[in-house]
Each structure stands twice: as structure tokens, then as C-alpha cells.
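Colleague: sequence-free structure coming up:
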Ligand code: NDP
Ligand code: 2IT
């Protein structure tokens, strides 16, 4: 099913695979980028001469560590912590931390690898990195989460800092966890270094709009793709998978732009509300009470909960996957297209399998890949770093305006690059090529390091 690579790129790909056995998600993310790079190596032979691809695919540094902690009954648990500092050509390593039982090196590396190009697309001075742990925050008390975060930072603090590596949130890591990690960093270092983490609380150096940024940004990106097609969100029936941070603010912005989100989900099932999701209720259940999305059905008569359901079977015009990797396979993609879906914007990282991507591209619907569409989160993290560096804090309106400009710019760069490289309207090619060239040029400039 995968697109052919040139002989040279195939050889590079095979060699990287052999060096990194078993890291299937990393292999998938790598292959997707390589499939876009053929024409880049023709235009820039110096990238091949200097082995830029081989260097980009090898993280600059990888840290794996033990994270011991005690639960509320005093039982001892051991988790594994990761930080992969992938590429610092454009700035300090930047990228989130994921706490989820599925986390292992292959997941952290796929996320870190994509982060390099995503961060380049923002136009802001940030390199790429990612980290996390196989810790499962579900069902843990507040005190257990705090003890875990403190233990995690007790090792991580040596490797992070506003000029070296700036982590943030991702799945399972939100404002609460960032707060506990910031507190422990401050305690261990005796430094109030606000710029060491982003996604902080608004009381201590966080930025307005960071909470909303990924979902808002992804929706802005889809809005731009629709504009190219002389279309808009107005009156559109939409699906948003997941019910976490990205999903919630995607729903909010879609509703502000005149669309209606009729379903969301979690790893257990799907909530369908044909009248449009009641976002205040979703926020109360998920953000305030930390409950499951299933409980929504108990408060809205017309809503139904489908345990184990597949959200992509519901007809829609716009789909915004906002849960996790590989949540849309080839069959799901074909069903979406068949049911009249005209635009897909990825709030999640790599939510569509290679087979699914092929279906969207062949059908020529507007398809915005994660590394472009969800870049609003990390871009607003970079705005938080700017505010911290100048000890300033901006208004919501100003910060959202900056986010909107950044997303429009990313869309424009991806679109123009897709045209320049012979694949007009293919945002996968646009994002991969534009992101790669920016990083590659900086690496050439830095010499062989
Ligand atoms: P949250 O932890 O807030 O929410 C995650 C949501 O996705 C939950 O509803 C969760 O359901 C669901 N989910 C997670 N893992 C799985 C799984 N293996 N199978 C099915 N459902 C799953 O995370 P975010 O909203 O922050 O992240 C969502 C996606 O967006 C991720 O891909 C992340 O990498 C990406 N992203 C996040 C950014 C951010 O700023 N937070 C920025 C850019 C991208 P359940 O509760 O059942 O696990
Ligand atoms: O995948 C992502 O871009 C994030 N989880 C956000 C990273 C960040 O540093 O804000």
C-alpha cells in the first residue's frame, strides 16, 4: 500500500529500521516523511551529501530513567521515564510529555520526530523533543499524581531548562501535572525559571490561550482549507474524537464558527448528540469532575452512548481526530469519504494510518496532517516562552490573534510548498517538505555536529 521510495531513500529507510528495531510508530512517522522527500534531494543535493536525513533520524540525545513512587496505601510502583531530545537546529528542544500505559521508546520517538518538523512550521525558534512515561494517571488520586510528577522531575530536572529543553503537556499531562513538575523543578534548582515548562497555570507564568490553543488552531487550519475551496464551517456536521484537552477546544471553536459537533468519544465508547454537543456539560464532566464521557448520556435525554463504538461510522462533513495515533484506518477513511466528509483536520498526532491517508489523498478531500494542523499548541507554548522571557503577560484577544496568524501562515506555507513541489493541495507533501527544508538548512549552517 505504501508509496514507493527511490532506491536511495529506500536504502536510508532500511538502515534506520535496522538501527531501531521494534519501534513501529517511529518507522511509520519516518516513512511518511521520506515519501515526501524525493524532489527535495533533487533540488538540494547538499542535503544528501551531508547525510541530513540520517542525522535528523538519529536523536541528539535520549534519556531513559526509573521513576519510583508510592501509592496512597504505601505500595511501591516503578515506571519508566523518557525524554528524547531529537533536534536542536532551530532552538531548544520543545515538545510535550505523555503519561499513558502504552508509552515506550517507539511512541516517544515518533512524537519527537514529528515535533521537529511541526515546530519548524510554526516559524518560531524551537527545536524538537518529546518525553513521557508508561504511568497511567487514570483512577489515581491527586496525591498519587503529585508524588509521581515529583519523582519524574527528580530525574528530569538535570536535562531541562529554558535554553536547553522545554517540556509541556500531551496525553495524560495537563495543567495539574505541569504545576507539580514546575514546583519540584523550582525546589530542586532553587530557581524560578518560568521558561522551563509551558502550559503552566495562569497564576505563575502560564499563557492565556495555551489551554485552548491546539483545538482552536486545528479548527483555524481546517477553516483555511475550507476557504481555499470557497467553503466554511457554517452549517457543517462535524465529528471530534476524544474528549480531552484537544477535543474540547476543537468542539468550542467549531461551534463558534457555525458548525455542529454531533459526537465525541474516549477509549471506551462514543457519545452521540444529534442536537450538537453541550460543551459546558462536557467541560464539567471532563475538566472539573474528571469523569468518563459515558456519563454525558445521563444528563441529556436525546444523547446516546455506544460502548465500544466507532465514531467514524457516523456520517459527517468534517472529521477532526483528536484522541491518539492510528485511530483512523483505511476502512474508516473510506467510510468517512463515502458518507460525504469533505475535510479532515488532525488535532491528534498521526491519527490516520498510511492506508487511511492514501484514501483521503486519492479522494482529494481537504486533509490537514497533524504536524501542520495541530501546531497551534506548541506555537502558543512558544508564545508562552516569549512572555516568560520578557516577564510579560498578554491578553486573551492578543494571544488568540497571534495564534490565528500563525495558523494561517502555516496553511499558506504548506499550500505554496505543495504547489512548488508538484502536488498542489497535498498538505502532507507541503508540511513535510517545508518543515524538513527549514531544519535541513539550519543543520547545514551548523556544520557536521
Ligand atoms: P488528553 O489526555 O487530554 O485526552 C486524550 C483523549 O484521547 C481522551 O479522550 C482519551 O480517552 C483519548 N485517548 C487517549 N489514548 C487513547 C487510546 N490509546 N485509544 C483511544 N482513545 C485514546 O490528551 P490531549 O487532548 O492533550 O491529546 C490528544 C491528542 O492530541 C494526542 O494525539 C496528542 O499527542 C495530540 N496533541 C496534543 C497537544 C496538546 O497541546 N495537548 C498538542 C498537539 C497534539 P481515555 O480517557 O479513554 O484515555
Ligand atoms: O504534540 C504537541 O505538539 C504537544 N503535545 C504540545 C507540545 C508543546 O510543547 O506545547
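Modeller: That came in fine, so what should we check first? Note that the structure is predicted; figures quoted are calculated from it, not measured. Numbering: from 1, shown residues only. Ligands and ions are numbered 1, 2, ... in the order given.
Colleague: Can you get me a residue count around the residue of the stretch 201-350 of the chain found nearest ligand 2?
Modeller: Of all residues in the stretch 201-350 of the chain, residue 349 sits closest to ligand 2, at 5.3 Å by Cβ to the nearest ligand atom. All C-beta atoms are positioned from the backbone trio N, CA, C, and that covers glycine. Per other Cβ atoms under 10 Å, the neighbour tally for residue 349 reads 26.
Colleague: list the contacts for it?
Modeller: Residues in contact with residue 349 (Cβ atoms under 8 Å, 6 or more residues apart in numbering) are 110, 111, 114, 325, 370, 371, 374.
Colleague: how much distance is there from the longest strand along the chain to the middle of the chain?
Modeller: The strand that spans the most residues within the chain, counting by DSSP state E, is strand 76-87. Going by Cα atoms, centre = their mean, to the nearest Å, the spacing between the C-alpha centre of strand 76-87 and its chain's C-alpha centre is 18 Å.
Colleague: How about stretch 381-389?
Modeller: Between the mean C-alpha point of stretch 381-389 and the mean C-alpha point of its chain there is a distance of 19 Å (Cα atoms, centre = their mean).
Colleague: what sits up against that stretch?
Modeller: Counting by Cβ under 8 Å, 6+ apart, residues outside stretch 381-389 touching it are 94, 119, 122, 124-126, 162, 166, 168, 194-195, 198-200, 205-207, 209-210, 213, 393-394, 399, 402-403.
Colleague: sorry, back to before: torsion angles phi and psi at the residue of the stretch 201-350 of the chain closest to ligand 2?
Modeller: phi -90, psi 120 (degrees, to the nearest 10).
Colleague: nearest spatial neighbour of it, skipping sequence neighbours?
Modeller: Distance criterion Cβ to Cβ, 6 or more residues apart in numbering; nearest residue to residue 349, sequence neighbours excluded, is residue 370 at 4.8 Å.
Colleague: Could you tell me the model confidence score at that neighbour?
Modeller: In this model, residue 370 is scored at 98, pLDDT.
Colleague: The one helix or strand residue 443 maps to packs against which elements?
Modeller: Secondary-structure element containing residue 443, defined by DSSP states H and E: helix 427-446. Taking 3 or more Cβ pairs under 8 Å, 6 or more residues apart in numbering; DSSP states H and E as the contact definition, the neighbouring helices and strands of helix 427-446 are helix 24-34, helix 38-43, helix 45-49, helix 52-56, helix 105-121, strand 366-368, helix 370-373, helix 396-420.
Colleague: And the ones you listed: which comes nearest ligand 2?
Modeller: Across the helices and strands packed on helix 427-446, ligand 2 has its closest neighbour in helix 105-121 (6.0 Å, Cβ to the nearest ligand atom).
Colleague: what's the angle between the helix or strand residue 383 falls within and helix 396-420?
Modeller: With elements delineated by DSSP H and E, residue 383 resides in helix 375-389, which encompasses its position. With axes from the mean of the first three to the mean of the last three Cα atoms, to 10 degrees as the criterion, the two stretches helix 375-389 and helix 396-420 enclose an angle of 130 degrees.
Colleague: Can we start the residue count at 142 from this point?
Modeller: That works, and once the first residue is 142, the last one we named lands at helix 516-530.
Colleague: Are helix 516-530 and ligand 1 in contact anywhere?
Modeller: Yes: residues of helix 516-530 are located near ligand 1 by Cβ under 6 Å from any ligand atom, namely residue 518.
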